[in-house]
Every structure is written in C-alpha cells, then in structure tokens.
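K.L.:
this one's sequence-less:
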C-alpha cells in the first residue's frame with residue numbers, strides 16, 4: 001500500500017526512458033545502478049530533486065524496475081518486462097507499449113494503490129473529483145482498517161491519476177507543457193467546463209488495442225493467479241480485478257471482436273469459446289507472456305521496416 005509517493009508529479013513524456021536509460025548506463029559501466037538515491041542524481045538526470053523521487057516511484061509503480069539490496073546499497077534493476085520494453089520500444093513510441101505499462105501500473109496495488117483501486121474497484125462511467133476521493137476513502141478504510149491515511153494524500157493521488165491520463169488543456173510553467181504519454185490512450189476525458197468538472201472513463205474501441213496485447217494480459221493473469229490453467233470464465237475476464245475487462249474497460253462485444261481478430265490473424269494462439277455447465281469459458285493457448293511480447297514487437301519492427309523500404313522507393 002502506498003499513497004502520494006509521486007511528489008505530485010505525474011509521469012512526464014520521456015521520464016520512463018530517462019529512468020531505464022540511467023539504469024542501463026550504470027550497468028554498462030560496471031557500476032551498481034543507485035542513480036535514484038545518488039546525491040548528484042538531479043544533475044545527471046536533468047530534473048529537480050523532488051522529480052527524482054517521483055521518477056524512482058514511477059519506475060517501481062509501472063513495474064519497469066524493481067529495487068534490490070546489493071553490496072549494502074539499494075539499487076534498481078529492470079524487470080524482465082522492463083528489459084523487453086527497453087529492447088523493443090524504449091522511447092514508448094507505440095501505443096501498445098503504453099497499454100502494456102498501463103496494465104502493469106494499475107495492477108500494482110503495492111506501489112500504485114489508487115491507480116489499482118480506480119480501475120479495478122471504482123471503475124465509474126462518469127464521476128467528479130470529490131466523489132472519487134470519497135469513494136477511495138471508504139475503500140481504504142475497508143481495505144486497510146489498521147492504517148490511517150491522510151485525506152490530503154488521497155486527494156493528491158486522485159489529482160495525479162487524472163493528470164496521468166488527461167490531455168493538458170493549458171500550462172502554467174514550462175514543466176506543465178510536458179504531457180503524460182498516457183494521455184494518448186484517451187482513457188479518461190473531461191466533461192463540463194472549468195467550474196463544473198466531471199470526467200468520463202471511456203470504453204475501449206476494438207481498433208485501439210492489438211489482440212496480442214489482450215492475449216498477453218489474459219495469459220499473464222492465468223500465470224499469476226491460476227497456475228497456468230487453460231480455461232477461464234468469460235465473466236472472470238470481464239469483471240475480475242486486474243483482468244482485461246477492468247484494465248481496458250471492455251464490453252462483452254469489444255472483447256468478442258478482439259478475440260475474433262486474434263483467432264483470424266494468429267491461429268496458433270487461437271482462443272476457443274466453450275460452454276461448460278451453462279457457463280461461458282475461454283480456452284487459452286499454451287504461451288508465455290514474454291514470448292507473446294517478443295512476437296508482437298518482432299512483427300511490428302518488420303512491418304515498420306517494410307514501410308520504410310516502400311518510402312525510399
């Protein structure tokens with residue numbers, strides 16, 4: 001459980017690359033990657049001291065890195081997932097990469113508790129900031145009865161969550177001009193005017209999510225929770241915390257469209273609908289989550305290379 005560890009700074013464009021790059025640079029020089037705790041971190045990273053603390057938090061919250069104790073020093077190393085992102089799309093140019101990081105972020109109750117709660121337990125259609133904070137406060141009381149969390153920390157988290165996904169309408173300083181890359185996902189939109197602020201959690205349209213990213217989440221959930229069982233209920237996929245329905249705000253129709261696209265384009269990873277004892281079940285293929293990502297990015301790179309060759313003709 002963690003609240004307001006972001007120093008009020010949402011993820012800025014280029015920050016996650018900066019964090020991954022600092023870790024890799026230390027490793028390439030044969031040093032321990034202690035950058036986020038080093039005295040000269042602001043100078044080396046080119047951001048303020050509080051931003052360094054925020055970046056350290058975001059690297060852990062997105063599960064791109066993990067902290068370890070090495071030689072009596074606290075280090076950060078890229079996770080297996082982070083290493084994949086660094087290798088294939090370190091600048092986060094592909095929206096599919098952002099969807100993947102979004103999945104890891106909102107599944108991380110330990111470091112990003114408010115983000116986990118919002119998508120997996122709150123998941124409103126239309127809401128305002130005050131109702132969001134009130135609902136979060138009630139959930140925290142129930143979830144962590146032995147903990148006391150300051151209301152100001154919950155407000156900071158909700159403010160930061162909104163800034164993570166909303167496109168900036170205006171800037172107050174040069175730093176504020178840097179949008180969060182997650183605004184490209186168009187998950188949350190504004191309703192009303194400056195005086196009557198309401199927000200909407202948008203439903204995902206099929207064409208905005210690659211079916212292999214959906215498959216990655218489905219398989220990863222089975223690995224994490226069900227010992228790689230081949231079957232999972234349709235209702236589980238749609239409503240279980242941290243599963244695809246919650247993470248991507250899917251309707252049954254959108255999920256069906258994505259599965260049809262997956263079965264058409266990737267028959268080796270076909271997902272079958274099975275009705276067992278009156279319940280709709282999905283039979284998943286045998287696959288490793290990281291193998292799915294490798295396939296996706298290899299295919300993407302080949303497609304981009306063909307496009308560049310065509311442009312040069």
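P.N.:
That came through fine. This structure is a prediction, so every number in the text was calculated from the model and none was measured.

K.L.:
domains in the chain, by residue range?
P.N.:
15-201, 207-295 (automatic domain parsing).

K.L.:
out of those, the one nearest residue 304 is which?
P.N.:
When the domains of the chain are compared by CB to CB, domain 15-201 sits nearest residue 304, at 9.4 Å. Just so you know, the C-beta spots here come from the backbone N, C-alpha and C atoms, and that holds for glycine as well.

K.L.:
quick check: mean pLDDT of the closest one?
P.N.:
Mean pLDDT, domain 15-201: 92.

K.L.:
follow-up on the earlier one: tabulate the domains of the chain (a markdown table), appending distance to residue 5 and mean neighbour count.
P.N.:
Shown next, in a markdown table, are the domains of the chain (distance: least, CB to CB, whole Å; neighbours: other CB atoms under 10 Å):
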| stretch | distance to residue 5 | mean neighbour count |
| --- | --- | --- |
| domain 15-201 | 4 | 17 |
| domain 207-295 | 20 | 17 |
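
K.L.:
want to throw those domains into CSV with distance to residue 309?
P.N.:
Shown next, in CSV, are those (distance: least, CB to CB, whole Å):
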stretch, distance to residue 309
domain 15-201, 19
domain 207-295, 21
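
K.L.:
among these, which is nearest residue 305?
P.N.:
Nearest of the domains of the chain (CB to CB): domain 15-201, 13.4 Å.

K.L.:
end-to-end on that closest one?
P.N.:
End-to-end distance of domain 15-201 (CA to CA, to the nearest Å): 25 Å.

K.L.:
and for stretch 109-123?
P.N.:
Stretch 109-123: ends 15 Å apart by CA to CA.

K.L.:
pull the residues that contact it.
P.N.:
With contact meaning CB atoms under 8 Å, 6 or more residues apart in numbering, stretch 109-123 is reached by 1-3, 5, 57, 60-61, 105-108, 132, 135-136, 139-140, 143, 154, 157-158, 160-161, 164, 201, 241-242, 246-247, 249.

K.L.:
if we go to 6 Å?
P.N.:
For stretch 109-123, contacts defined as CB atoms under 6 Å, 6 or more residues apart in numbering pick out 1-2, 60-61, 105-106, 135, 139, 157, 161, 241-242, 246.

K.L.:
how about the domains of the chain, which one is nearest residue 310?
P.N.:
When the domains of the chain are ranked by proximity to residue 310 (CB to CB), domain 15-201 comes first, at 19.0 Å.

K.L.:
so which of the domains of the chain comes closest to residue 311?
P.N.:
The nearest among the domains of the chain, by CB to CB, is domain 15-201 at 16.8 Å.

K.L.:
in terms of helices and strands, where is residue 189?
P.N.:
Under the criterion of DSSP states H and E, residue 189 resides in strand 188-191.

K.L.:
so what strands line up beside that strand?
P.N.:
With DSSP bridges as the test, strand 188-191 is paired with strand 198-201 (antiparallel).

K.L.:
circling back: will you turn the contacts of stretch 109-123 into JSON lines that also has distance to residue 181 and secondary structure?
P.N.:
JSON lines is the format used below for the contacts of stretch 109-123 (distance: CB to CB, whole Å; DSSP: H, G, I helix; E, B strand; the rest coil):
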{"residue": "1", "distance to residue 181": "26", "secondary structure": "coil"}
{"residue": "2", "distance to residue 181": "22", "secondary structure": "coil"}
{"residue": "60", "distance to residue 181": "18", "secondary structure": "helix"}
{"residue": "61", "distance to residue 181": "14", "secondary structure": "helix"}
{"residue": "105", "distance to residue 181": "12", "secondary structure": "helix"}
{"residue": "106", "distance to residue 181": "15", "secondary structure": "helix"}
{"residue": "135", "distance to residue 181": "27", "secondary structure": "helix"}
{"residue": "139", "distance to residue 181": "27", "secondary structure": "helix"}
{"residue": "157", "distance to residue 181": "19", "secondary structure": "helix"}
{"residue": "161", "distance to residue 181": "15", "secondary structure": "helix"}
{"residue": "241", "distance to residue 181": "24", "secondary structure": "coil"}
{"residue": "242", "distance to residue 181": "22", "secondary structure": "coil"}
{"residue": "246", "distance to residue 181": "21", "secondary structure": "helix"}
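
K.L.:
on that earlier part again, nearest to residue 308, out of the domains of the chain?
P.N.:
Between those, domain 15-201 lies closest to residue 308; by CB to CB that is 13.9 Å.

K.L.:
tell me how far that closest one lies from the chain's centre.
P.N.:
Remark: domain 15-201 is offset 8 Å from the chain centroid, using CA atoms, centre = their mean, to the nearest Å.

K.L.:
out of everything not next to it in sequence, what's closest to residue 94?
P.N.:
residue 300 (6.6 Å; CB to CB, 6 or more residues apart in numbering).
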